[in-house]
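Trainee: sharing a model prediction with you, sequence too.
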Amino acid sequence: MSETSTQEEKLTLEKFKADVQKDYSLAVESREASLIGRREVLTGKAKFGIFGDGKEVAQIAWARVFKDGDFRSGYYRDQTFMMAI
């Protein structure tokens, strides 16, 4: 029986900082998209809108552990998740 070894990548401080900055930028971008959409609804330019603001951190964390082959059932507030994967 052959044993396969997986080499795990070490997380350096620089990589950690880059990941945090990337995640923060994604969360801000998603929140801004929600605010723009909400403004369109409130000013009457759009008739209806459901936005995913307030769930950015959880969805980014979920997207980080989501792997190829994983299944998900779509949720109407998965805006940040879809931007992250």
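Mentor: Yep, it's here.

Trainee: count of neighbours near G37?
Mentor: 17 (other Cβ atoms under 10 Å). All C-beta spots, glycine's among them, are computed from the backbone N, C-alpha and C.

Trainee: next helix or strand past the helix or strand hosting it?
Mentor: Here G37 sits within helix 13-42, counting by DSSP states H and E. The C-terminal neighbour of helix 13-42 among helices and strands, as given by DSSP H and E, is helix 56-65.

Trainee: sorry, back to before: packing partners for the helix holding G37?
Mentor: helix 56-65, helix 79-84 (3 or more Cβ pairs under 8 Å, 6 or more residues apart in numbering; DSSP states H and E).

Trainee: S34 is nearest to which of the ones you listed?
Mentor: Closest to S34 of these, according to Cβ to Cβ: helix 79-84, at 6.9 Å.

Trainee: where does the prediction get shaky in the protein?
Mentor: Within the chain, the stretches with pLDDT under 70 are 1-8.

Trainee: quick one: the helix holding G37 to chain centroid distance?
Mentor: Between the centre of helix 13-42 and the centre of its host chain there is 9 Å, according to Cα atoms, centre = their mean, to the nearest Å.

Trainee: okay, now Q79: neighbour count?
Mentor: Per other Cβ under 10 Å, the neighbour tally for Q79 reads 21.

Trainee: ok, now which ones touch the closest residue to it other than its chain neighbours?
Mentor: Leaving aside its chain neighbours, Q79 sits nearest to G52 (3.6 Å; criterion: Cβ to Cβ, 6 or more residues apart in numbering). G52 sits next to 30, 34, 59, 77-80 when contact means Cβ atoms under 8 Å, 6 or more residues apart in numbering.
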